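*Asks:* How does the following fold in three dimensions:
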Amino acid sequence: MERVVALAGLAVVAAAGLVYVWNSADVPEPQPTAVVEVGTSSDRSILVHVSGAVVSPGVVVVPIDSRVADVVAAAGGVSPAAVLEAINLAAVVHDGEQIIVPTETSASAVAGDGRIAINSADAATLETLPGVGPVLAERIVAFRTQNGAFEAVEDLLDVPGIGEAKLASLRESVRVP
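*Replies:* Residues are numbered from 1 along each chain as shown. The predicted structure follows:
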């Protein structure tokens, strides 16, 4: 019984230490962006999913006439790794849209013609492909990590979850350098 009490006391001390470390950790200050009044969803506001190189990724509520810059601000601003030149901050956003703020790694994976390099794109960039969500994007990255670079676009057929129909929808959106 004394051992259980000692272990419980040790767990409490460890938890308190973690809380202290978490609260005292340096958090990088986000780069300044436009300020948006964020409230609850209504007829005058929309929901937008923002991910990638932002401080607080997730779903944000913004006014109906918001721009990408407003959505980024509502997500706490960008992280230091963000490549803002790769997105249009002035674009109008729509209800249910997803905005992915790329990092240097993901931005370099997009060719000048808009096709994504499947051998260098991160999971967030792969999610921008038609019909590719977080699970499939992670499978592509994991497959590439375990098996090496793709030699041809058709090699995507070896990734679990990608069949002929999915490959056909991806073929024009991807490239193998």
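*Asks:* who's the residue most central in space within the chain bridged to?
*Replies:* Centroid-nearest residue in the chain: residue 52, 3.1 Å away (criterion: CA atoms, centre = their mean). Beta-bridge pairing for residue 52 (DSSP bridges): residue 101.
*Asks:* ok now do the closest residue to residue 173 other than its chain neighbours, which residues does it touch?
*Replies:* Once flanking residues are discounted, residue 173 sits nearest to residue 129: 5.3 Å by CB to CB, 6 or more residues apart in numbering. The C-beta positions use only the backbone N, C-alpha and C, and glycine is treated the same way. By CB atoms under 8 Å, 6 or more residues apart in numbering, the residues touching residue 129 are 116, 137, 170, 173, 174.
*Asks:* quick one: low-confidence parts of the chain?
*Replies:* 1-42, 104-113, 177 (pLDDT under 70).
*Asks:* For it, which segments count as helices?
*Replies:* Listed in chain order, the helices of the chain (DSSP state H) span 2-24, 68-74, 104-108, 123-126, 134-147, 164-170.
*Asks:* which residues does the residue nearest to the centre of the chain contact?
*Replies:* Residue 52 touches 82, 99, 100, 101, 102, 103, 106, 124, counting by CB under 8 Å, 6+ apart.
*Asks:* switch the cut-off to 6 Å
*Replies:* 100, 101, 102, 124 (CB atoms under 6 Å, 6 or more residues apart in numbering).
*Asks:* Please report how far the third one lies from residue 156.
*Replies:* Distance check for residue 102 against residue 156: by CB to CB, to the nearest Å, it reads 21 Å.
*Asks:* cool, residue 147 as well?
*Replies:* Distance of residue 147 to residue 156, given as CB to CB: 12 Å.
*Asks:* For the contacts of residue 52, please prepare CSV with the additional fields neighbour count and distance to residue 72.
*Replies:* Shown next, in CSV, are the contacts of residue 52 (neighbours: other CB atoms under 10 Å; distance: CB to CB, whole Å):
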residue, neighbour count, distance to residue 72
100, 19, 11
101, 27, 6
102, 24, 12
124, 20, 14
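*Asks:* now, which of these sits nearest residue 94?
*Replies:* Residue 94 has its nearest neighbour among these in residue 100, at 15.0 Å by CB to CB.
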